[in-house]
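Colleague: Predicted coordinates and the sequence they were generated for:
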Amino acid sequence: MDDFLIVGNRIANMRQAFNVREGFKPSDFTFPDRVLGKPPLKSEPLAGVTIEKQVNELVEEYFKSMDWNLETGKPSSKKLIELGVE
């Protein structure tokens, strides 16, 4: 399972590095309405749940957790080295 998590993390960071190279900015980052619970599900464990945070707050939290620069969106050198994709 640990290997799968590392591979997924590598993929996310490589994808982000590619997007930054192509001009993607943190302000371009959005979440699909479905992820935010809009409209809320009618059944299942998350029925009726909608995320109330602003998208920019979610993006900031996500970028911090991924160790990506909040201004440029670039993955940190430390993270890329850690994942073996420097």
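Modeller: Arrived safely. Numbering: from 1, shown residues only.
Colleague: Longest helix in this protein, please.
Modeller: As assigned by DSSP state H, the longest helix anywhere in the chain is helix 2-21.
Colleague: Let me know the average pLDDT across it.
Modeller: Averaged across helix 2-21, pLDDT comes to 94.
Colleague: Output it in PDB with nothing but the alpha carbons.
Modeller: C-alpha atoms of helix 2-21 as PDB (Å, rounded to 0.1, in the frame of the first residue of the first chain):
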ATOM      1  CA  ASP A   2       2.900   2.400   0.800                       C
ATOM      2  CA  ASP A   3       4.200   1.900  -2.700                       C
ATOM      3  CA  PHE A   4       0.800   2.900  -4.200                       C
ATOM      4  CA  LEU A   5       0.700   6.000  -2.100                       C
ATOM      5  CA  ILE A   6       4.200   7.000  -3.300                       C
ATOM      6  CA  VAL A   7       3.400   6.400  -6.900                       C
ATOM      7  CA  GLY A   8       0.200   8.400  -6.600                       C
ATOM      8  CA  ASN A   9       2.100  11.300  -4.900                       C
ATOM      9  CA  ARG A  10       4.700  11.200  -7.700                       C
ATOM     10  CA  ILE A  11       1.900  11.400 -10.400                       C
ATOM     11  CA  ALA A  12       0.200  14.300  -8.600                       C
ATOM     12  CA  ASN A  13       3.500  16.200  -8.300                       C
ATOM     13  CA  MET A  14       4.700  15.500 -11.900                       C
ATOM     14  CA  ARG A  15       1.300  16.600 -13.200                       C
ATOM     15  CA  GLN A  16       1.500  19.800 -11.100                       C
ATOM     16  CA  ALA A  17       5.000  20.500 -12.300                       C
ATOM     17  CA  PHE A  18       3.800  20.100 -15.900                       C
ATOM     18  CA  ASN A  19       0.800  22.300 -15.400                       C
ATOM     19  CA  VAL A  20       3.000  25.100 -13.800                       C
ATOM     20  CA  ARG A  21       5.400  24.800 -16.800                       C
END
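Colleague: Pull the residues that contact it.
Modeller: Contact with helix 2-21 is made by M66, W68, T72, G73, K74, P75, K79, L80, L83, G84, V85, as judged by C-beta atoms under 8 Å, 6 or more residues apart in numbering. Yep, even glycine has a C-beta here, placed from its N, CA and C like the rest.
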